[in-house]
Structure formats: structure tokens, C-alpha cells
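Asks: structure for the following, please:
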Amino acid sequence: MLVVLTATLFAFSSSGCSFNNVFGKENEESKYLNLIKTVEDIDNLVTNDDRLVINYFDAYLWIVYFSESGSIEHMTYIYDFKTSDNAEKMVDTRKEELERNKTMTIKNAKAVDKYIVVDLVDTSFTNVTRNMLEYNFSTLIVY
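Replies: This next block holds a predicted model:
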């Protein structure tokens, strides 16, 4: 199952990760999307009790947020598009690409300097635990 999840996630990604100015493409308010407003916010993203931060093979930064019960509550993907112009132009395209995955619900997408930050829920992770993610992505976790 994890191989399928990994392949699915990789198939819907492209580019790497790092930020400064904020260009909005937000559809609705999100406490998760609002956690990332600046390049400094991105530079300071590390794994803690509430989230797991994974550098997904330099394709994107993957942040998995957990509820108090330990279940996956939310996710954020962060892509590096090298320039703020590229990021701004690609926000809608990246959102549309991710929406093709029928297990994902894209809540918001925005550009933050040269990055695109995508706020989403992925129902394919309903039965995946933090321990499973930590085991399978142990070498990719950002501390």
C-alpha cells in the first residue's frame, strides 16, 4: 500500500522546495495555509509533535499535520518554482494537476515568493499512522 501511496504522491509532484513575498490564490481561510506566510516560515519548518515534515526526494516539501488522537488531519505541499513570477503563474496549474487525484481535496493554493503552497486533505491516508510515515520516510524527515 505504501508503495502505491508513494508512487501516487510522486506522480502528482514536480520541483523542489525553499521563500519571501506572498501572492494570494486562497479560496477560503485555512489555519494550515496561514501557518506559512513567508520564506522564513518555510525555512523554519521542522518536524514536531503536531506535524511531520518530509523532504520528498527534493520534489516538494510535504507537511503532514496530526490531530490530538494521532490521525492525519491535514497536509501541505510546498513546491519550488525558482522565481516568484514562475510560482505566481503556476498556482492554478499546480492546483488543477493535484485535483486530478480524486482522493485529494485541495483547500487552497498560493504563491509565497518562488514557492507554491498547497493546502489539502487526502482521503487515501485515512488508515496511515504517523509511525508508518516515520518508518517509511525516515531518511527524508526534516528535523
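
Asks: okay, CA-based contacts and neighbour counts for the rest of this
Replies: Noted.

Asks: and the strands in this structure?
Replies: 22-23, 51-56, 60-66, 72-80, 104-112, 115-122 (DSSP state E).

Asks: for this structure, give the helix that spans the most residues.
Replies: helix 84-99 (DSSP state H).

Asks: buried residues in that helix?
Replies: Ser84, Asn86, Ala87, Glu88, Met90, Val91, Arg94, Lys95, Leu98 (16 or more other CA atoms under 10 Å).

Asks: between those, which is closest to Tyr60?
Replies: Distance to Tyr60 across the buried residues of helix 84-99 (CA to CA) is lowest for Arg94, with 12.1 Å.

Asks: just name the shakiest helix or strand of this structure by mean pLDDT.
Replies: helix 2-11 (a mean of 40; mean pLDDT, DSSP states H and E).

Asks: quick one on the thing from earlier: Val142 is nearest to which of the strands of the chain?
Replies: strand 51-56 (5.4 Å).

Asks: what pairs with the residue nearest to the spatial centre of the chain across the strands?
Replies: Central residue of the chain (CA atoms, centre = their mean): Tyr77, 1.4 Å from the mean position. Beta bridges link Tyr77 to Trp62, Val118, judged by DSSP bridges.

Asks: how much space between it and Ser84?
Replies: As judged by CA to CA, to the nearest Å, Tyr77 and Ser84 stand 17 Å apart.

Asks: could you do Ile116 as well?
Replies: Counting by CA to CA - Ile116 and Ser84 are separated by 9 Å.
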